[in-house]
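[1] Have a look; sequence and predicted model below, questions after that.
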Amino acid sequence: MHVDLTLLMVNAAAIGFIHTLVGPDHYLPFIVLSKARGWSLAKTTWITLACGLAHVGSSISIGFVGYALGASLSHLNLIEEARGKIAAWILLGFGLVYAAWGLHRARRTGPDGHTHSPGGFLHAADHIHDPATGETIGLTPWILFIVFAFGPCEPLIPLFIYPAATGGWPAAFAVAAVFSAATLAVMLTVVLASSFGLKRVPLRSWGRYSHALAGASIALTGGAIRAFGL
């Protein structure tokens, strides 16, 4: 059993690494938004980490509750498939709205980088104000968190269920922890390395369109997930 668990954990690490690396939805939204919104590396790190934990944590929770209630693996996979479709639509919709806001903002921003006209509805589309303090609360990180909470880790369900059935809950959570660690490590490595590099790339005249380009990239990612099941 010890050898079997070790092999499962090694496989979980490898699958988590590959699954995350080949899925641009795991890191592209953070990279383009970090550049467009000027997030610091520290802020980019905690947003990526929070969304990654929501991503793996939701699948672990579904696997735990489903198996405890006697649900079959096929039923759990159907739930994950439905969650994946919802997440893709949210990502696509968010990208389109953000791109529209970015184009609206670019039209209002002159060559000097200053805003020259009232913004209307789209001006406040990316934030709300605390009714008590009036402070601005950014919506973008929360939307990403919701997207990743809905986004399933399809390989994690069978990786969690098999050791639960053969070795008990400790084995299942050990395998899930290894998969999660690999997923988060790849997300953070790709996001931070890319963000660090992009901070040194001057946008010059394209800078005013950074939000629109970020939204378009996110929308394309959501569309690709819907079309090709990435």
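    Cool, the structure landed. Numbering: from 1, shown residues only.
[2] pLDDT value on Val65, please?
    At Val65, the model reports a pLDDT of 90.
[3] Which element, helix or strand, includes it?
    Taking DSSP states H and E as the criterion, Val65 maps to helix 41-68.
[4] Which elements pack onto that helix?
    Helix 41-68 sits against helix 28-37, helix 73-108, helix 140-150, helix 156-167, helix 169-198, with contacts defined as 3 or more Cβ pairs under 8 Å, 6 or more residues apart in numbering; DSSP states H and E. (Glycine included, C-beta is placed from N, CA and C.)
[5] one more time with 10 Å
    Applying 3 or more Cβ pairs under 10 Å, 6 or more residues apart in numbering; DSSP states H and E, one finds that helix 41-68 makes contact with helix 2-21, helix 28-37, helix 73-108, helix 140-150, helix 156-167, helix 169-198.
[6] Would you mind finding the most buried of those?
    With neighbours taken as mean count of other Cβ atoms under 10 Å, the helices and strands packed on helix 41-68 reach their highest mean count in helix 28-37, at a mean of 23.
[7] quick check: angle from it to helix 169-198?
    On the basis of axes from the mean of the first three to the mean of the last three Cα atoms, to 10 degrees, helix 28-37 is oriented at 40 degrees to helix 169-198.
[8] Can I get helix 28-37 in CSV, CA atoms only?
    Provided in CSV are the C-alpha atoms of helix 28-37 (Å, rounded to 0.1, in the frame of the first residue of the first chain):
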residue,chain,number,x,y,z
LEU,A,28,-3.2,33.9,-18.8
PRO,A,29,-5.9,35.9,-17.1
PHE,A,30,-3.5,36.8,-14.2
ILE,A,31,-0.7,37.7,-16.6
VAL,A,32,-2.6,40.1,-18.8
LEU,A,33,-4.6,41.7,-16.0
SER,A,34,-1.4,42.1,-13.9
LYS,A,35,0.1,44.0,-16.8
ALA,A,36,-3.0,46.0,-17.7
ARG,A,37,-3.9,47.0,-14.1
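[9] Can you tell me the closest non-neighbouring residue to Leu5?
    Leaving aside its chain neighbours, Leu5 sits nearest to Ala171 (5.4 Å; criterion: Cβ to Cβ, 6 or more residues apart in numbering).
[10] Does that neighbour touch Ala12 like I think?
    No: using Cβ atoms under 10 Å, Ala171 is not in contact with Ala12; the gap is 11.0 Å.
[11] quick one: Gly102 from Ser74, how far?
    42 Å (Cβ to Cβ, to the nearest Å).
[12] pLDDT weak spots in the protein?
    Counting by pLDDT under 70, the chain has low-confidence residues at 1-3, 109-138, 201-207, 229-230.
[13] In stretch 45-55, which residues are buried?
    Across stretch 45-55, burial judged by 16 or more other Cβ atoms under 10 Å covers 45, 47-48, 50-55.
[14] and Gly211, how many neighbours does it have?
    Careful, residue 211 is His and not Gly. Other residues near His211 number 25, with proximity taken as other Cβ atoms under 10 Å.
[15] got a list of what Ala36 touches?
    98, 102, 140, 198, 203, 207, 209-215, 217 (Cβ atoms under 10 Å, 6 or more residues apart in numbering).
[16] Please apply the same query to Ala193.
    Ala193 neighbours (Cβ under 10 Å, 6+ apart): 27, 31.
[17] ditto for Phe64
    Per Cβ under 10 Å, 6+ apart, neighbours of Phe64: 160-161, 164, 169, 172-173, 176.
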